[in-house]
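Peer 1: heads up, no residue letters with this:
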């Protein structure tokens, strides 16, 4: 899929994550989280795997985490991808 515009998904509320996605070279993730030391690798892994499932190889991602669980992170990344690529294609896994 091709990123056509910048997109944002999520909120800064507790137990959520705000994902900002735009075009880049390679996958670059900027993560802000109070639990980055404990869970930063897992958060980045979920983001990378979700991007990979959509075939996204070039993107800049800013993730501001407020304690989101993996399924919330995945949902927010998928939503940002769909908005950025201007598609409504759903990938359930």
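Peer 2: Now that the structure is in, tell me what you want to look at. Predicted model, so just to flag it, every value in this text is computed and none were measured. Numbers count the residues shown, from 1 in each chain.

Peer 1: from here on, just use CA atoms for contacts and neighbour counts.
Peer 2: Will do.

Peer 1: list the buried residues in the helix or strand hosting residue 52.
Peer 2: If you go by DSSP states H and E, residue 52 is part of helix 36-53. Going by neighbour count (16 or more other Cα atoms under 10 Å), the buried part of helix 36-53 is 43, 44, 46, 47, 48, 50, 51.

Peer 1: name the helices or strands packed onto it?
Peer 2: On a contact count with 3 or more Cα pairs under 8 Å, 6 or more residues apart in numbering; DSSP states H and E, helix 36-53 meets strand 27-33, helix 70-84.

Peer 1: give me whichever of those is most buried.
Peer 2: For these, the largest average neighbour count (mean count of other Cα atoms under 10 Å) is found in helix 70-84, namely a mean of 21.

Peer 1: list the contacts of it.
Peer 2: 3-10, 16-22, 43, 46-47, 50-51, 88-89 (Cα atoms under 8 Å, 6 or more residues apart in numbering).

Peer 1: now residue 21. Nearest residue, chain neighbours left out?
Peer 2: Distances taken as Cα to Cα, 6 or more residues apart in numbering put residue 61 closest to residue 21, at 4.7 Å, once the chain neighbours are dropped.

Peer 1: run through the bridge partners of the one you found.
Peer 2: Beta-bridge pairing of residue 61 under DSSP bridges involves residue 21, residue 29.

Peer 1: distance check, it against residue 33.
Peer 2: Distance check for residue 61 against residue 33: by Cα to Cα, to the nearest Å, it reads 14 Å.

Peer 1: tell me if residue 64 really is in a helix.
Peer 2: No: under DSSP: H, G, I helix; E, B strand; the rest coil, residue 64 falls outside any helix and is assigned strand.

Peer 1: and the helix holding residue 52, how far out from the chain middle?
Peer 2: In terms of Cα atoms, centre = their mean, to the nearest Å, the centre of helix 36-53 is set 9 Å apart from its chain centre.

Peer 1: with stretch 19-26 instead?
Peer 2: 9 Å.
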